[in-house]
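A.B. asks: what shape does this take:
(one chain, ligands or ions: 2)
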Amino acid sequence: MNEAKLNERVFQALDRLDIELPSWGFADTGTRFGKFYQEAAAIDIYDKIADAATVHQLTGAASKMAVHVLWDFSSENTPSKVSAVAAEAGIRIGSINPNLFQDAHYKLGSFAHPDGQVRQQALDHCLDSINIAKECGSRVISLWFADGTNYPGQDDIRRRKRCFEEGLQACHQALSPEQTLLIEYKPFEPAFYHTDIADWGMALNLAQKTGAQAKVLVDTGHHYSSQNIEQIVAWLLDEGRLGGFHFNDRKYADDDLTLGSIDPYQVFRIFAEIQAFGADQGHRVELDYMIDQSHNLKPKIPAMIQTVAWAQELYAKACLIDLEQLRFHQRRGQIIEAEQCYQRAFMTDVLPALVAWRQAKGLPDKPLEAFEQSGILQQRGRERHERRLAMGISQQSSYA
Ligand code: PSV
Ligand code: MN
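C.D. replies: Ligands and ions are numbered 1, 2, ... in the order given. Next comes the predicted model:
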């Protein structure tokens with residue numbers, strides 16, 4: 001492929017790619033063993049908006065921020081105020097994530113809890129979240145349930161399944177026509193015997209029973225080792241039920257590592273399925289790409305810039321697969337040649353084209369370096385440190 005053609009393809013691909021950042025990825029978080037605090041970590045929703053906006057300003061590809069209802073809204077921080085501040089900062093509020101796992105009532109589950117009152121509480125929270133989405137002008141309500149059990153015999157798995165069908169249908173009825181309900185699956189954690197929505201098949205089954213606006217969300221960290229995620233993506237696309245992604249990488253379980261840090265070829269293969277599907281359909285595939293990472297060790301804003309920039313490279317590489325050639329070799333059973341269509345695209349250096357795209361958009365050539373030179377991290381660190389002192393918030397390590 002000559003340079004002009006390559007640039008054209010990459011530019012078209014990059015113009016399409018927008019990745020939502022998680023508000024929770026800018027705040028202090030930890031593992032169950034403790035927290036490593038960062039001075040520049042966001043204290044409140046407005047800091048998170050400022051940080052997400054910085055990532056967008058430098059990468060041009062992260063115009064929305066996902067929010068978690070309980071963590072980000074309050075009687076003071078209302079949806080309209082939060083969205084107005086986001087708009088002023090040049091971004092929008094993206095997916096709305098209800099919180100159905102933190103409250104002590106949810107010890108035995110939310111939608112599948114044995115007690116109808118708790119199930120109702122969970123449903124009410126989802127209905128409130130759908131309204132919050134409407135107020136924020138957000139299209140997406142993203143549901144993740146920690147529901148499950150820890151011991152064989154602990155509860156009736158079929159009853160729990162039917163409760164999910166009921167709860168999700170009730171949510172669906174409250175959606176406005178342009179809204180989408182995303183159903184996320186996860187095999188384990190915090191439940192360690194069975195999780196009610198453990199895999200993509202269960203999520204797909206529930207989405208199909210829920211209604212046309214219910215889709216499946218694939219969190220790349222929520223699979224057993226060596227599961228073929230791009231096959232799941234291909235099947236969900238073919239069923240018209242792929243809603244979006246939570247991107248992150250993992251080595252062992254739900255490790256929340258940076259996208260593509262362990263296996264960039266897998267991200268490329270996922271993007272390849274999406275591009276091929278779009279080409280076969282003759283139109284752009286509408287998906288919600290989101291990052292679900294909370295960096296414990298890396299500084300948060302640069303980690304997000306790194307993530308978005310790397311996603312752009314991998315997406316651009318995937319758009320270089322010569323689909324005509326690929327299909328030609330596939331039909332003839334030419335395995336090596338077909339595989340090389342993938343390998344050549346993956347190995348192509350798209351960085352010069354990405355830099356040219358950045359220049360065309362008035363973005364810095366090197367967003368990470370630009371961020372480092374800006375001094376923003378130090379400045380926000382100082383300012384937030386002072387604010388924490390004034391508010392009496394301690395950042396003492398929780399390690400003994
Ligand atoms: C659960 O592990 C999850 O992936 C869900 O998407 C949550 O919303 C998110 O992490 C943050 O806790
Ligand atoms: Mn997730």
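A.B. asks: around ligand 2, pick out the residues from the chain.
C.D. replies: Taking CB under 5 Å from the ion as the criterion, the chain approaches ligand 2 at residues D219, H246, D292. Quick note: C-beta positions are derived from backbone N, CA and C, even for glycine.
A.B. asks: just among those residues, which is most surrounded?
C.D. replies: Neighbour tally across the residues of the chain next to ligand 2 (other CB atoms under 10 Å): the maximum, 28 neighbours, falls on H246.
A.B. asks: so which strand or helix has that one?
C.D. replies: Per DSSP states H and E, H246 falls inside strand 242-247.
A.B. asks: what does that strand rub up against?
C.D. replies: 19, 95, 140, 142, 180, 182-184, 215-222, 233, 236, 259, 267, 270, 287-293, 307, 311 (CB atoms under 8 Å, 6 or more residues apart in numbering).
A.B. asks: mean confidence for that strand?
C.D. replies: Mean per-residue pLDDT for strand 242-247: 98.
A.B. asks: how close does R32 sit to ligand 1?
C.D. replies: Between R32 and ligand 1 the computed distance is 13 Å (CB to the nearest ligand atom, to the nearest Å).
A.B. asks: and that residue, how many neighbours?
C.D. replies: Using other CB under 10 Å, R32 is surrounded by 5 other residues.
A.B. asks: next one: Y151
C.D. replies: Y151 - counted by other CB under 10 Å - has 9 other residues nearby.
A.B. asks: what residues are up against the nearest residue to it once chain neighbours are set aside?
C.D. replies: For Y151, ignoring the flanking residues on the chain, the nearest one in space by CB to CB, 6 or more residues apart in numbering is Y193 at 5.5 Å. Neighbour list for Y193: G148, T149, N150, Y151, P152, Q154 [criterion: CB under 8 Å, 6+ apart].
A.B. asks: which SSE is the closest residue to W200 other than its chain neighbours in?
C.D. replies: Distance criterion CB to CB, 6+ apart; nearest residue to W200, sequence neighbours excluded, is I232 at 4.8 Å. Here I232 is covered by helix 229-238, with elements defined by DSSP H and E.
A.B. asks: same check, this time on P177
C.D. replies: With DSSP H and E as the test, P177 turns up in no helix or strand.
A.B. asks: does L351 touch E313 like I think?
C.D. replies: Yes. Taking contacts as CB atoms under 8 Å, L351 lies within contact range of E313: 6.8 Å.
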